[in-house]
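Colleague: I'll drop the sequence and a predicted model, then ask my questions.
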Amino acid sequence: MHLFLDSNSHAKEDQGQPSENGVSTASVVATLESESKGGYAYLQPGDDDHCALDLHRSQNVTKRSPNKARIDDMPTELLYGIFERTIPPTSLLHTKFRSFSSQNSFTRLLVKQKKDLLMVCRSWYDVGLSYLYEDVAIFWPTQAIKLLRTLEENSSMGNLIKTFYISCVATKYYECPQISSAIPAIFAMCPNLVETDIDSISLRALCPPNLTSTTWLPHSITHLALTCNTNMFDNHHADLSRSSIFDIIERLSTTLASLTLAIVINDFCSWFPSLDQSASAYRSSIEFPHLQSFSISNYSPGCLTHWVLPSLQRVTLINSMCGHWVGDHDNTNFIKSHGRNLKYLQLQGTLPMQLDQNMCPALEHIVGDPRDYDESVPFDSHSELRWIDLWVDLRPNRRRPRRFWPIVMGGQRPGLLPSLESLRERFPSLVGIRRLSHDFASDVPHLSLLFPPGPTTVGGKEGDFEVKFLDFHLRSRNGVVKFVRSRIRRDGRDDDQGFHPLAIERLRPEWPIVDDDEEREELAFEDSDEDGSSYVPSDPDTEDSDSDIEEDLISSDSDT
């Protein structure tokens, strides 16, 4: 657990300066340590373990002096700040290639960390409950059933859910009622849901054959991500076509602020552009009045030039299909049609193209894949461009073309990576260049948006930062954003020395590894009670010692 507090916070704590309510931070921390008795004192089972923890203070507690600081006096804003600095952004850990079958996935361990924060004390529980529920990830159909049971018994819990990710293997619509019935029911009970990410292996269960309605998606959603993997479709689901996808998009077009389409096409030449010419996206113009961010993968955006996108500011075009390329004219036509207000453009794996400033006159930030430097920045000149990010391979032992050497290793080969001064001849407003580790390119393609560049993040130490969570260690230093080598096992293979954020087998060995198939079916948000039906953890027994409680919490995810 790592807390990232600024220097001013440390100074105030050292000096014992009072907070807004007159209680010093140092005294609050001291009281927290003494009252909680290791973090789990006064926690008793509540009347309903499925949704709430009631905190009953012991009758034998000595009365405090009215001037003594209490845990309950800690400001709510300070607690939120602690939680936010204890756990990294979930968008870094909830990546495209999550291991939904692993008990030791980062997503599961992230939930466990949040549940542990809940069990410190009453005030932490009140604040941490919303922190636990605001981001929900479903990887097994049984998880959806248990979550639905919790929401049915306590409907107020649905108000806390803001982000929902689902990636469950659903072979056929009628064979997976847990998904086809539970997910729409859950969405109906989440009025504040604003962000949804649905994987194709789950989307098939939500879109039955001869789809006639998409009302299961609430209008409150402003951020939508859909992945349509045609490799997972069998002949029975051939009618789950692009029209189904675009019908969903059209229904939410008036509220969407961010849209991500990661469409994998098995046979590009035969699927596009002849497929689904009758889909709503082709037969009519769709208006997205509030859409600001748009990302599309492995699908030509040329057919979407008739969309109306007056607020579009950020565009990401990705092609990860080896041997199948989206024509440069399709990308160019899309940017020409919708680039008037663009401030951010990412081109990853696309064919080289040539753009001019008239297509996107307000562009400030571009992200490229440096197969060749000139191809990464498709402009001869641009007066407003301020930042350039390059996806590069930062692994020192990997063989790479010689043209990568000056970019990755800092060599002095002239002409391959122009200096900042020479680039300003073409881009007079250019401030700096960043290098992003290619390890993030497929898993976190929006990394440059999560950590936008600035003068300090490129050239100064003031903007350097690190994000640590278990073996997840991200570092930004001197304009380079990369992973730090993981603490792997000594008996690992030589070719496992490189670190990948989703290399679950390289997690620290003290975390439990579950091999039993039945245990893999347990809910990621499972409870510590006997039947495992609760979504929120129940209270530990106060008669147990602190060490026993901590041991139970660590092993609860692997116990059936």
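Modeller: It's in. Owing to the predicted nature of the structure, the values given are computational and were not obtained by experimental measurement.
Colleague: show me where pLDDT drops low in the stretch 151-300 of the chain?
Modeller: Applying pLDDT under 70 to the stretch 151-300 of the chain picks out residues 169-178, 200-201, 204-205, 207-214, 228-244, 263-284, 299-300.
Colleague: can you show me the helices along it?
Modeller: Using DSSP state H, counting those that start in this stretch, the helices assigned to the stretch 151-300 of the chain run over residues 177-188, 200-206, 242-251, 268-271, 280-283.
Colleague: hmm, Asp330 is touching Pro301, no?
Modeller: Yes - applying Cβ atoms under 8 Å, one finds Asp330 in contact with Pro301, separated by 6.1 Å. In short, each C-beta sits where N, CA and C put it, glycine included.
Colleague: who's in contact with Ser130?
Modeller: Leu160 (Cβ atoms under 8 Å, 6 or more residues apart in numbering).
Colleague: element containing it, please.
Modeller: helix 122-133 (DSSP states H and E).
Colleague: next: Thr107.
Modeller: helix 106-118.
Colleague: show me what counts as buried in the helix holding Ser130.
Modeller: For helix 122-133, burial by neighbour count (16 or more other Cβ atoms under 10 Å) applies to 123-129, 131-133.
Colleague: one more: stretch 154-161?
Modeller: Buried, per 16+ other Cβ under 10 Å, within stretch 154-161: 157-158, 160-161.
Colleague: kindly reformat those as a markdown table containing distance to Leu291.
Modeller: Formatted as a markdown table, the buried residues of stretch 154-161 follow (distance: Cβ to Cβ, whole Å):
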| residue | distance to Leu291 |
| --- | --- |
| Met157 | 30 |
| Gly158 | 26 |
| Leu160 | 26 |
| Ile161 | 23 |
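Colleague: what helices or strands is the helix holding Thr107 leaning on?
Modeller: Applying 3 or more Cβ pairs under 8 Å, 6 or more residues apart in numbering; DSSP states H and E, one finds that helix 106-118 contacts helix 76-86, helix 90-93, helix 122-133, strand 465-469, helix 546-555.
Colleague: may I have the first one as CSV, with CA atoms only?
Modeller: Put plainly, it is helix 76-86. Provided in CSV are the C-alpha atoms of helix 76-86 (Å, rounded to 0.1, in the frame of the first residue of the first chain):
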residue,chain,number,x,y,z
THR,A,76,-14.5,13.0,4.7
GLU,A,77,-12.4,14.7,2.1
LEU,A,78,-9.2,13.5,3.8
LEU,A,79,-10.5,9.9,3.7
TYR,A,80,-11.3,10.1,0.0
GLY,A,81,-7.8,11.5,-0.6
ILE,A,82,-6.3,8.6,1.3
PHE,A,83,-8.3,6.0,-0.7
GLU,A,84,-7.5,7.6,-4.0
ARG,A,85,-3.8,7.6,-3.2
THR,A,86,-3.8,4.1,-1.9
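Colleague: averaged pLDDT, it. What do you get?
Modeller: Averaging pLDDT along helix 76-86 yields 79.
Colleague: give me the pLDDT for Ala441.
Modeller: 78.
Colleague: and if you look at Pro378?
Modeller: 80.
Colleague: how many neighbours does it have?
Modeller: 22 (other Cβ atoms under 10 Å).
Colleague: same thing with the one 5 residues further on?
Modeller: The burial metric for Ser383, expressed as a neighbour count using other Cβ under 10 Å, is 11.
Colleague: right, and it touches Asn358 too?
Modeller: No - contact criterion Cβ under 8 Å: Ser383 and Asn358 do not qualify, at 11.5 Å.
Colleague: ok so, going back, the helix holding Thr107 - what's its average pLDDT?
Modeller: On average, helix 106-118 scores 79.
Colleague: domains for the chain, by residue range?
Modeller: 1-133, 364-466 (automatic domain parsing).
Colleague: mean pLDDT lowest for which of those domains?
Modeller: Across the domains of the chain, the lowest-scoring stretch is domain 1-133, with a mean of 55.
Colleague: my guess is His382 contacts Leu363. True?
Modeller: Yes - at 6.4 Å, His382 and Leu363 qualify as touching, with contact defined as Cβ under 8 Å.
Colleague: perfect, that will be all.
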